[in-house]
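> Based on what follows, work out the 3D shape:
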Amino acid sequence: MKFVQIIGFETERLEEMRQLLEEAGRRNEGRTGGPTHSTLLKDRDKPNHYLALVEFESYDEAMRNSDDPETSKLAEQLGALSLGEHVYTNCDVLESRELK
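Prediction:
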């Protein structure tokens, strides 16, 4: 079953975060496992508030990714660019479909 982690965070340094994520993506090219898709959302009602949706093939794959030292390092770097704590929501995907 597919799995999605939703990460809520606040930052005034979004471009620096995006650069770190882009660099991490280049380092992980060709690697098996890890996230399969990501979406970044900006909250229209709360300045500097964002949601990152990160999709994995399964919960087990997400946990393997979380245990990777590179993931921990990236999370630490992103945390340093955030205001406050990240809020994590872990979701099993019950249904996903294109509407148009």
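> The residue lying closest to L81 once chain neighbours are set aside: neighbouring residues, count only.
The shortest distance from L81 to any non-neighbouring residue, by Cβ to Cβ, 6 or more residues apart in numbering, is to R13 (4.4 Å). Where you see a C-beta, it was placed from the backbone N, CA and C, and this is true even at glycine. For R13, the tally of surrounding residues (other Cβ atoms under 10 Å) stands at 15.
> Then the one 10 residues further on?
Using other Cβ under 10 Å, the number of residues around E23 comes to 12.
> could you measure it against N90, distance?
Relative to N90, E23 is positioned 26 Å away (Cβ to Cβ, to the nearest Å).
> repeat for E98
Using Cβ to Cβ, which is the criterion applied here, E98 is 24 Å from N90.
> The two: which is more packed in?
Set E98 next to N90 and count neighbours by other Cβ under 10 Å: N90 wins out with 11 against 4.
> who touches the lengthiest helix in the chain?
Secondary structure assigned by DSSP state H gives helix 14-27 as the longest helix of the chain. In this structure, residues lying in contact with helix 14-27 by Cβ atoms under 8 Å, 6 or more residues apart in numbering are 11, 40, 50, 70, 74, 77-78, 81-82.
> Closest one to G34 out of these, please.
Taking Cβ to Cβ as the measure, G34 sits nearest to E70 out of those, at 9.5 Å.
> any idea which element that closest one lies in?
Taking DSSP states H and E as the criterion, E70 maps to helix 69-80.
> Run the chain-centre distance for the least confident helix or strand in the chain by mean pLDDT.
Least confident element among the helices and strands of the chain, by mean pLDDT, DSSP states H and E: helix 14-27 (a mean of 89). From the chain centre to the centre of helix 14-27 is a distance of 11 Å (Cα atoms, centre = their mean, to the nearest Å).
> C-alpha coordinates for that helix, PDB please?
What follows is helix 14-27 as a C-alpha-only set of coordinates in PDB (Å, rounded to 0.1, in the frame of the first residue of the first chain):
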ATOM      1  CA  LEU A  14      12.100  28.600   1.400                       C
ATOM      2  CA  GLU A  15      14.600  29.000  -1.500                       C
ATOM      3  CA  GLU A  16      17.500  27.800   0.600                       C
ATOM      4  CA  MET A  17      15.400  24.700   1.500                       C
ATOM      5  CA  ARG A  18      14.500  24.100  -2.100                       C
ATOM      6  CA  GLN A  19      18.200  24.200  -3.000                       C
ATOM      7  CA  LEU A  20      19.100  21.700  -0.400                       C
ATOM      8  CA  LEU A  21      16.300  19.400  -1.600                       C
ATOM      9  CA  GLU A  22      17.400  19.700  -5.200                       C
ATOM     10  CA  GLU A  23      21.000  18.900  -4.300                       C
ATOM     11  CA  ALA A  24      19.800  15.800  -2.300                       C
ATOM     12  CA  GLY A  25      17.700  14.700  -5.300                       C
ATOM     13  CA  ARG A  26      20.700  14.900  -7.600                       C
ATOM     14  CA  ARG A  27      22.800  12.800  -5.100                       C
END
